Structures are given as structure tokens and as C-alpha cells.
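**Q** here is a sequence with its predicted model. Questions after.
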Amino acid sequence: MAAYNNRRHFSNRRRRRRAKPKQFSQKMRITLFAIFCVCLFAFGLLLFKIYRINRDDGDRYKKEALSQQSYTNAVLNFQRGDIKDRNDTTLAVSVRKYNLVLEPRTLLTNEDKKIVTLNAISKFFGVEQSALEDIIEKKPKSMYEKIDSLKELSSDQVEKFQKKMKKNEDIQGVWFEEVYKRNYPLKTVGASIIGFLSSSEQGTYGIEEQYNSVLNGTTGREYGYFDSNMNLQRTIKEAKDGNSVVLTIDANVQKIVEEEIAQFQKGGVGAETTAVMIMNPKNGEVLAMASNSSFDLNDPQNLAGMYSSQQIAAMSDKEKNECLLSMWSNFCVGSAYEPGSTFKPFTVAAALDENLISGNSTFNCTGVKKVADREIHCSNRSGHGMLDLRHSMMESCNAALMDIGMKLGRNKFSKYNKLYGFGQRTGIDLPGETSGLIHTKEELNPVELATSSFGQTQTVTMVQMLSGFCSLVNGGDYYQPHLVKEIQNSQGDVVKTIDPVIVKKTTSEDTSSKLRSYLKSTVEEGTAAPAQIKGYSIGGKTGTAEKRPVSEKNYLVSFIGCVPAEEPEVAFYVLMDEPHVKDQAHSTYATEFSSKVMKRVLPFLGQYASADSKETAAPTATPTAQ
């Protein structure tokens, strides 16, 4: 019985234990519900408090948050330096423009002001408001967003909108970034000299490329932040503008040369290439440099200046790129060719300096000369007969020059070839200069020596030829050719002057004097007679170079000259590669063109016709942008 009672006792205890958890669970639910109600009430109070804070002080707290975050608004662009001619005519200038900049993060701080701002921009500038809203939606945290359709705005547009902003303080989160657009006032004038800016704002071709680091300045920075009074402040590190470059080029002369080339190409004979260079033989300054390859510097990708719309439409992308590269290149420094008889003064000068010939030397021309296993003809197949040195130059006798070349021999000929600067770059301050190709001393076998003596089988550039020619007629001083006269800072003060550099001595004064006399006779009585200009004393030499392959009968004709012949102040070089005629082998095309161009140009260079001529009036300046 006792055992039974014990079992009952333990059984009752187990029942009581099972009952207790049930009672505890009910209490727990009541407690949890009470806690939930309290939390819900507290959370409601918190939401109400946040609502009141946002309603009453939202802007202030947002600005306080922003004040902890400094940000960079933008890079401040420098103004690239100008390019000007020797008379201060502007050839390239960076014009101030503006980009509209949105600050999405600022605009999102106040919905009402955002709507007012976007509406004002849309109406004033004629852009879709939805496009502005898309930018804000995509970049809500940004403080610097440009709009493609609102770039390079004029100062007038910006000033009017800024007045609107002052009248309506709700227009916020918008400002204008100052940028610069490169402009070339004279468009095509000096295109191959000046060059242009690439899409990355780097100089491409010409002076723009060669002096890119000089023309460029230093960018600045602009930082924006909110101060303790919650006002937006900007800290600016100013940009430093670039220096300007003053060229030796005369814009009036350059324009005349380009006009005459264009007229010759379109209304005259024309040629595959027509090019002209003009220099000051007393200091190496280039006064003009042009070819028929021209384009508008403000639209350098446009081929319309060189090709018809039908030609352009028929081009593949590769062909267009090749045409652009050809159009942009500067023939005067970047193309090499066989010069022909304009090379003869160099051979004569070398032999005179070596005392191998004199003014009294004579040469017998029968019209052909046998050299090794070859028969090399003179331009006069019937022969010139007996000639002295002066008449050898005047008649452009190949036979006489071959005799002179043989007297020099390979060693001396090679030495003077290099002395005159052939086969090497002149160092002119332009990119893309080539060196041409001359025979090495070992390659100057009898045939090569003979043909090289009168300007065949070796290639040169126009800048090489004219620079060397200047040294032959100025007394022997070889000046490094250059196009930059001085560097100016953004205030117009001269920071660097480019002084003339005499690189070497090429010939004696006595030889130079003889050559000037021979060159004058060549124009007055010899093959270069069409180069004469009434009232001026001109000296010069013609050239007619047979191109390879000879079976195609293509020629390059040229004329190199100086004025006044007795003491040159101006040297010039005219070249026509493959004139558009059936019979190309006539230097008359070059000499006549030379006379026409220089007659217009010389007065602008301070060279006037003699007093007994009617052509003594000073020139009227061709309109140019200043």
C-alpha cells in the first residue's frame, strides 16, 4: 500500500510539473504583447519626430551632412596661347566658351527647387526637361554632370541665364564651367604650318604640335563645400594660361602664295603638287611655306577642299584616312624628290672652293657624254659647244657639270653634299621633317657621281634646298631655318626671343659673289628669263628633273632664286611635280609662276621696284584678322 501511495505521489508531482509550463506560456504571451505595443508606440513617436525634423530642419541637416564631405567640382582649364604672324595677326586663338554643369546631389535636397531649376534650363536653352531628369536619376550623388547639348555655350547666353538666376533664388545646383574652343580666324591660311588640335586637345601637326608644351598652360582645380553656416563655398586654384608663339611668317605673303597656287591648280596648268617656300637668307626666317594641299583648320576632318563630293563618297574608310594624312602633311619639309638642275649651283660652289675650277674654266659640250658604260645626254642634245663657267650655268649644261663632278671626285663631292645639309634634317621647328637620300661616298661610282652633279639620283627636300641655297648667296653662312620668332606670356610680354643660329660655313665670300653673278645672268640672259620681274634684280636657277621610271616621261620642274641678285634680302623656291600637260619637261611653268607670285609678294617684304619702274607704290594690305 505504501508503494502504491508513493507511485501516486510521484505521478501527481509529474502532473503538476507538466501544468506549470502551460501557465508560464500564457504569461509570456501577455508580456510580449505588452512589449510589442510599447515598441510600436515608441517607433511611431520616432517616425513622427523624424517627420517633424525633416519638415522643419531637413535642409539644414542635409547641408550639415554634406559639410562633412568635401568634393572636387571640376578641373579649371587654362587658355592655350595664341599663334600669331610676325605682324601680330592672329592665326590661332582659344575662344572662351562655357559648359553647363548640373549638381544632382544639390538639386535632390529640395524637390521644389529642382523642378524650378530644370524648368528654367529647359525653357531657356531649349532642351527636354526629361533629359535633365534622367541625368539626375542616373547620378543622384554626383556634383558634376555635363549635358552634351549644353556645351560650348557663348558668353552672351551664359550672362543672360546668370541674370535669370539672380532674379530667382530657387534656381540652384547649376553653374557654368569655363572652357576654350580653338579657332583659326584665317581658316586655310598657313594650314600646313599651323596644324590643329586633336579631339584630346593636343597639338597635331605644325606649330600646334611642335610647340604644344609652350602653348599649353597648367590646369587649375575648383573645390566645393558647405561652410558652418550651411552656405556652399568654392575654393579655387587658378589655372595658368599658356604662352603665345609669334611666327616669322607674314600672313599677307602666305595668303598671296596660297591664292596663286590655288589659281594655278584650278584655272591654270596645275600639277600633282605645286609648292612654294620663301625665306630671309640673312637669318633663316621662313616667310611663307605652302603647297596645293590645303584645308580649313576649323574643320580639319573635311576633305571637301581637296576632293569632290563624288570622290569622297567613293572612298573607303582606309582611303579617307590616307587622304587626310596626305592633306595634313607639309610637302616642303616632309617630301623628298630629285631636284634636277637647281642642284647645279651647289656642285659649282664646291669646285670653286676647292680651286678645281675658276671663272675662266671652259667646258666642251657635244650633247652627250660617255660615262663608264653609259651615254648621258645634256638637255641640249645637239650640244652647247664650248662654254665658260658662267655660260655653263646660264645654259644649264649637264655635260659641263659632269666634268666638274669628275674633278671633285667621290670624296670631295660626298664631303660637300653633307656640308650643304643634304641627307640630313635641317632641324626646322616643325614635325615630320624627312632627310632625303643621298649616295654614300662608296656608292659614288662614275655614273652616280655624274648624275648627282646635276641633281639626279639623289633626293632632297625643299627646306634643305632653300636653306643651302641661302648660304650660297649670303656669303656662306648656313642659318638653321626656323618659323618661330619669339615666345610671349599671356600678358603679351616677350619671355624668349629666337635668335638666328649660324650652324656652319658652307662657302667662301668670293665663291658666293661669283655665284650671285652667274645666277643673275641666268635670269637676265639664260634659261630662267621668264622669272624676270620689271624693276627688280633677280638671280636664280631652273630645274627639270626626270622622274623614275623614265619610260613614263614624268618631270618635276622648279626654280630657285633670290632678290636683289647682288645682295639678296629674299630667297624663294617654286616647285611643280608633274605639271598637267603632255610635255612636262619645261621649267618655264615654274619660272613664269615664280615671276607672278613674287611680283605680288615682294612689296609686302619691303622690296620695291627700282625708281625707273612704274611699280614703286607700297602694297595695300590684304584683309587679315588681327
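**A** Looks like it arrived, so ask away. Numbers count the residues shown, from 1 in each chain.

**Q** pLDDT weak spots in the protein?
**A** The chain contains residues with pLDDT under 70 at 1-25, 53-74, 224-234, 611-626.

**Q** any idea which residue is closest to the centre of it?
**A** residue 195 (2.0 Å; C-alpha atoms, centre = their mean).

**Q** pull the residues that contact stretch 509-516.
**A** 345, 348-349, 352-353, 359, 472-476, 507, 539, 562, 565-568 (C-beta atoms under 8 Å, 6 or more residues apart in numbering). Just so you know, the C-beta spots here come from the backbone N, C-alpha and C atoms, and that holds for glycine as well.

**Q** quick one on the thing from earlier: skipping adjacent residues, who's closest to the residue nearest to the centre of the chain in space?
**A** Leaving aside its chain neighbours, residue 195 sits nearest to residue 206 (2.6 Å; criterion: C-beta to C-beta, 6 or more residues apart in numbering).

**Q** narrow the contacts of stretch 509-516 to those in helices?
**A** Counting by DSSP state H, the contacts of stretch 509-516 place 345, 348-349, 352-353, 472-473 in helices.

**Q** just the buried ones from those residues?
**A** By neighbour count, with 16 or more other C-beta atoms under 10 Å, these hold 345, 348-349, 352-353, 472-473 as buried.

**Q** mind checking how far residue 322 is from residue 577?
**A** In this view, residue 322 and residue 577 are 18 Å apart by C-beta to C-beta, to the nearest Å.

**Q** neighbour count winner among these two?
**A** Taking neighbours as other C-beta atoms under 10 Å, residue 322 and residue 577 compare with residue 577 leading, 22 against 12.

**Q** surely the more buried one meets residue 543?
**A** No - counting by C-beta atoms under 8 Å, residue 577 does not reach residue 543; the two are 11.4 Å apart.

**Q** tell me, what's touching the two both at once?
**A** residue 556.

**Q** before we move on, back to that, the residue nearest to the centre of the chain and residue 209, how far apart?
**A** 5 Å.

**Q** same check, this time on residue 446
**A** From residue 446 to residue 209 the distance is 44 Å (C-beta to C-beta).

**Q** ok, residue 291 next?
**A** From residue 291 across to residue 209, the span is 18 Å (C-beta to C-beta).

**Q** more neighbours: which of these two?
**A** For residue 291 versus residue 209, the count of surrounding residues by other C-beta under 10 Å is larger for residue 291: 24 against 19.

**Q** residues in contact with the more buried one?
**A** Contacts of residue 291 by C-beta under 8 Å, 6+ apart are 192, 261, 273-276, 330-332.

**Q** what's opposite it in the beta bridge?
**A** Beta-bridge partners recorded for residue 291 (DSSP bridges): residue 275.

**Q** roughly how far does it sit from residue 581?
**A** In this structure, residue 291 and residue 581 are 19 Å apart, going by C-beta to C-beta.

**Q** how about residue 361?
**A** Look at residue 361 and residue 581: by C-beta to C-beta, they are 37 Å apart.

**Q** what about the closest residue to residue 444 other than its chain neighbours, which SS state?
**A** The spatial neighbour of residue 444 that comes closest, neighbours along the chain excluded (C-beta to C-beta, 6+ apart), is residue 410 at 3.8 Å. Of the three states, residue 410 takes helix according to DSSP: H, G, I helix; E, B strand; the rest coil.

**Q** likewise for the one 4 residues further on?
**A** Residue 414 falls in the helix class when you classify it by three-state DSSP.

**Q** tell me the contacts of it?
**A** By C-beta under 8 Å, 6+ apart, the residues touching residue 414 are 439-441, 444.

**Q** could you pull out the strands for the stretch 301-450 of the chain?
**A** Ranges of strands within the stretch 301-450 of the chain are 362-365, 368-371, 374-377, 385-388, based on DSSP state E, counting those that start in this stretch.

**Q** what's the most buried one of those strands?
**A** Highest mean neighbour count among these (mean count of other C-beta atoms under 10 Å): strand 362-365, with a mean of 18.

**Q** by contact count, what packs against that strand?
**A** Contacts defined by 3 or more C-beta pairs under 8 Å, 6 or more residues apart in numbering; DSSP states H and E place strand 362-365 against strand 385-388, helix 389-394, helix 398-419.

**Q** tell me the most buried of those?
**A** Greatest burial across these, using mean count of other C-beta under 10 Å, falls to helix 389-394, with a mean of 23.

**Q** show me what that helix is packed up against.
**A** Applying 3+ C-beta pairs under 8 Å, 6+ apart, we find helix 389-394 packed against helix 344-353, strand 362-365, helix 398-419, helix 509-524.

**Q** hey, which strand is longest across the chain?
**A** strand 90-102 (DSSP state E).

**Q** flag every buried residue along the helix or strand just after it.
**A** Sequence order places helix 104-107 as the next helix or strand after strand 90-102, per DSSP states H and E. With burial defined by 16+ other C-beta under 10 Å, the residues of helix 104-107 counted as buried are 104-107.

**Q** the helix or strand following helix 104-107 to strand 90-102, inter-axis angle?
**A** Per DSSP H and E, the first helix or strand lying C-terminal to helix 104-107 is helix 111-125. Here the directions of helix 111-125 and strand 90-102 differ by 150 degrees (axes from the mean of the first three to the mean of the last three C-alpha atoms, to 10 degrees).

**Q** and helix 111-125, how far out from the chain middle?
**A** Its chain's C-alpha centre and that of helix 111-125 lie 41 Å apart, by C-alpha atoms, centre = their mean, to the nearest Å.

**Q** which outside residues touch that helix?
**A** Outside helix 111-125, the residues that touch it by C-beta under 8 Å, 6+ apart are 100, 107-108, 127-129, 132-133, 136, 149-150, 153, 157, 160-161, 164-165, 168, 170-174.

**Q** these in strands, which ones?
**A** 100, 174.

**Q** pull out the buried residues from the contacts of helix 111-125.
**A** For those, buried by 16+ other C-beta under 10 Å: 100, 107-108, 127, 132-133, 136, 150, 153, 157, 161, 165, 171-174.

**Q** residue 429: which of those is nearest?
**A** Closest approach between the buried ones among the contacts of helix 111-125 and residue 429, by C-beta to C-beta: residue 153, at 36.0 Å.

**Q** residues contacting the closest one?
**A** When the contact criterion is C-beta under 8 Å, 6+ apart, the partners of residue 153 are 97-100, 125, 176.

**Q** okay, those residues in a markdown table with distance to residue 283 next?
**A** Below are these laid out as a markdown table (distance: C-beta to C-beta, whole Å):
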| residue | distance to residue 283 |
| --- | --- |
| 97 | 39 |
| 98 | 43 |
| 99 | 44 |
| 100 | 49 |
| 125 | 53 |
| 176 | 46 |
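
**Q** among those residues, which two are most distant?
**A** Largest pairwise distance in the contacts of residue 153, by C-beta to C-beta, is 14.1 Å, between 97 and 125.

**Q** more neighbours, these two?
**A** residue 97 (19 against 15).

**Q** my guess is the more buried one contacts residue 150, does it?
**A** No - taking C-beta under 8 Å as the definition, residue 97 is not a contact partner of residue 150, at 11.0 Å.

**Q** can you list the strands that the helix or strand residue 543 falls within pairs with?
**A** Following DSSP H and E, one finds residue 543 within strand 539-546. Sheet pairing of strand 539-546 (DSSP bridges) gives strand 555-563 (antiparallel).

**Q** and the following helix or strand past the strand it pairs with, what's buried?
**A** The element immediately downstream of strand 555-563 (helix or strand, assigned by DSSP H and E) is strand 570-579. By neighbour count on 16+ other C-beta under 10 Å, the buried set for strand 570-579 is 570-579.
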